[in-house]
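S.K.: return atomic coordinates for the entry below.
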Amino acid sequence: MDDRLQMSGTPLPPFEGVLTAEHETLVADIRDQWMRDGLSTRPVDRGEAERAVREMYALVGLEPPLLKVWVDSPPGCFPMVSALGGSIVRCGHFENRLKECLEGRLRDRLGQRLLDRLRCQLRARLWEPLWGQLRAQLRGQLLSQLGDRAGSDPSRYVWGAKDIWRDAYWIAFYTSALRVAGAGSDERLDALAEVTRRLGWWIPLAGAVVMSGRPVAIRRDGDLRLHCENGPALSWPDGHTLYAWHGTRVPKWVIEAPNCEAIAAEKDAEVRRCAIESLGWDRYVAETGLPLVASAEDPRDPALTLALYEVPEEVLGEPARVLLRVGDPTGPGGSRGRAGLVVPVETATPLEASEWDHLRLS
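M.R.: Got it, this is the predicted structure:
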């Protein structure tokens with residue numbers, strides 16, 4: 001089927017410098033499908049995944065892998081690669097050649113000027129979700145966790161690992177570009193896309209492939225950042241977990257057992273901030289005895305009090321103040337002091353602090 005046809009069979013209009021409504025629908029469908037796959041926690045169909053890998057190897061020009069090794073999480077891949085002692089297939093070389101080929105086809109079809117315009121428009125629609133949310137947030141946090149390990153650890157093989165969080169953006173970009181430009185399909189790109197959709201992480205070796213399943217849970221906040229306030233934000237069947245607080249990777253204790261003693265002992269100011277928020281600013285203020293700067297009736301709700309407290313430099317890494325809205329816990333709505341608004345130390349009064357545009361008190 002001509003790749004200029006949408007699933008409905010309706011031909012796409014030619015690209016003349018601006019994406020049409022039909023183009024926009026196509027690109028959104030491609031983006032949304034990659035997002036669904038990237039956030040999927042469904043068990044992997046191992047048989048279909050292995051078939052897709054065999055086809056991918058053949059298109060790259062390699063012998064199909066005789067040894068297919070499954071693990072339950074990305075970190076589980078690396079010790080297995082080390083044990084196998086195999087040579088990691090430099091898929092990056094193949095990807096670069098493929099991208100060069102696709103760029104040439106698009107340039108021949110559109111010319112450099114239209115291709116540059118198409119590139120900018122597709123990037124604007126695909127970058128934030130597929131790179132920002134998948135690659136930077138999910139993969140980036142996991143890589144950060146793996147990077148905490150010593151250099152001799154098998155996680156040094158991470159550069160050879162491939163996964164949907166890493167590759168969704170560029171595969172979706174070229175899939176969209178080919179279709180919008182009416183430049184046909186590419187079986188190598190399609191084969192790579194199928195493998196990427198069907199697996200968690202995978203590391204191609206000469207004669208073997210190490211593959212992992214998907215996470216069993218991915219939890220995010222309203223701003224689509226990794227976050228869970230009562231457990232791991234990412235978890236896999238083998239028990240590997242990653243904890244995060246509104247996009248910041250944190251130790252387990254920050255989520256499951258926050259306390260003032262651990263907060264005081266923590267060296268990282270950002271982790272301390274997350275731990276205080278997890279504990280609740282109201283408890284932190286009460287248990288550490290932060291000095292009260294001033295208090296005032298809340299003009300938005302006279303039943304509540306605005307209380308501004310001094311936060312020493314050693315707590316958040318710089319001097320600051322925190323504003324709490326507190327009230328009778330037995331009254332309507334109960335106590336509202338758990339969340340706190342951190343404001344500059346120069347903030348003089350509770351009313352001044354309450355006027356900050358980013359007020360997020362509960």
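
S.K.: starting at the chain centroid, how far to stretch 249-258?
M.R.: Stretch 249-258 sits 19 Å away from the centroid of its parent chain (CA atoms, centre = their mean, to the nearest Å).

S.K.: pLDDT averaged over that stretch, what's the number?
M.R.: Regarding stretch 249-258, the rounded mean pLDDT is 97.

S.K.: can you dump the C-alpha atoms of it in PDB for me?
M.R.: In PDB, the C-alpha atoms belonging to stretch 249-258 read as follows (Å, rounded to 0.1, in the frame of the first residue of the first chain):
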ATOM      1  CA  ARG A 249      14.800  10.200  41.300                       C
ATOM      2  CA  VAL A 250      15.000   9.600  45.100                       C
ATOM      3  CA  PRO A 251      16.000   6.900  47.500                       C
ATOM      4  CA  LYS A 252      13.300   4.500  48.700                       C
ATOM      5  CA  TRP A 253      13.200   6.100  52.200                       C
ATOM      6  CA  VAL A 254      12.100   9.400  50.800                       C
ATOM      7  CA  ILE A 255       8.800   7.800  49.600                       C
ATOM      8  CA  GLU A 256       8.200   5.000  52.100                       C
ATOM      9  CA  ALA A 257       9.800   6.300  55.300                       C
ATOM     10  CA  PRO A 258      10.500  10.000  55.300                       C
END
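
S.K.: any idea how far Ile203 is from Pro75?
M.R.: Distance, Pro75 to Ile203, by CB to CB, to the nearest Å: 12 Å. (C-beta placed from N, C-alpha, C; glycine too.)

S.K.: now swap in Arg125 and tell me
M.R.: Shown here: Arg125 relative to Ile203, a distance of 31 Å by CB to CB.

S.K.: more crowded one of the two?
M.R.: Ile203 (28 against 19; other CB atoms under 10 Å).

S.K.: pretty sure the more buried one contacts Gly76?
M.R.: No - using CB atoms under 8 Å, Ile203 is not in contact with Gly76, being 10.8 Å away.

S.K.: can you give me the buried ones in the longest helix along the chain?
M.R.: If you go by DSSP state H, the chain has its longest helix at helix 91-110. Using 16 or more other CB atoms under 10 Å as the burial criterion, the residues of helix 91-110 that qualify are Cys91, Phe94, Glu95, Leu98, Leu102, Arg105, Leu106, Arg109, Leu110.

S.K.: residues touching the fourth one, list them.
M.R.: Contact analysis of Leu98 by CB atoms under 8 Å, 6 or more residues apart in numbering lists Asp186, Arg188, Leu189, Leu192.

S.K.: residues in contact with the helix or strand hosting the last one?
M.R.: In this structure, Leu192 is located in helix 187-198 according to DSSP states H and E. With contacts defined as CB under 8 Å, 6+ apart, helix 187-198 is touched by 37, 44-45, 48-49, 52-53, 55-56, 59-60, 95, 98, 102, 162-164, 167-168, 171, 174-175, 178, 202.

S.K.: centre of the chain versus it, how much separation?
M.R.: Here the centre of helix 187-198 is set off from its chain's centre by 21 Å, with CA atoms, centre = their mean.

S.K.: with only the CA atoms kept, save the next helix or strand along the chain from that helix in CSV.
M.R.: Counting by DSSP H and E, the next helix or strand C-terminal to helix 187-198 is strand 201-205. What follows is strand 201-205 as a C-alpha-only set of coordinates in CSV (Å, rounded to 0.1, in the frame of the first residue of the first chain):
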residue,chain,number,x,y,z
TRP,A,201,15.2,-3.0,26.5
TRP,A,202,17.2,-5.2,24.2
ILE,A,203,21.0,-5.6,23.5
PRO,A,204,21.9,-7.1,20.2
LEU,A,205,25.0,-9.3,20.1
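
S.K.: quick one, strand 201-205 and helix 187-198 angle?
M.R.: 130 degrees (axes from the mean of the first three to the mean of the last three CA atoms, to 10 degrees).

S.K.: could you give the angle of strand 201-205 to helix 91-110?
M.R.: 100 degrees.

S.K.: which outside residues touch the next helix or strand after strand 201-205?
M.R.: Once strand 201-205 ends, the next helix or strand along the chain (criterion: DSSP H and E) is strand 208-212. Strand 208-212 is contacted from outside by 44, 46, 49-50, 53, 57, 65-74, 76-77, 80-81, 84, 86, 199-203, 236, using CB under 8 Å, 6+ apart.

S.K.: so which residues of the stretch 201-350 of the chain form strands?
M.R.: 201-205, 208-212, 217-218, 234-235, 241-245, 248-250, 292-297, 304-311, 320-327, 341-344 (DSSP state E, counting those that start in this stretch).

S.K.: among those strands, which is nearest Glu277?
M.R.: In terms of CB to CB, the element of those nearest to Glu277 is strand 241-245, at 6.7 Å.

S.K.: tell me which residues of the closest one are tucked away?
M.R.: Buried, per 16+ other CB under 10 Å, within strand 241-245: Thr241, Leu242, Tyr243, Ala244, Trp245.

S.K.: ok, now stretch 257-277?
M.R.: Using 16+ other CB under 10 Å as the test for burial, stretch 257-277 gives Pro258, Ala262, Ile263, Glu266, Val271, Arg272, Arg273, Cys274, Ala275, Ile276, Glu277.

S.K.: again, but for stretch 22-31
M.R.: Neighbour counts over stretch 22-31 (16+ other CB under 10 Å) mark His23, Leu26, Val27, Ile30, Arg31 as buried.

S.K.: got it, and stretch 44-62?
M.R.: Buried residues in stretch 44-62, defined by neighbour count with 16+ other CB under 10 Å: Val44, Ala49, Glu50, Ala52, Val53, Arg54, Glu55, Met56, Tyr57, Leu59, Val60.
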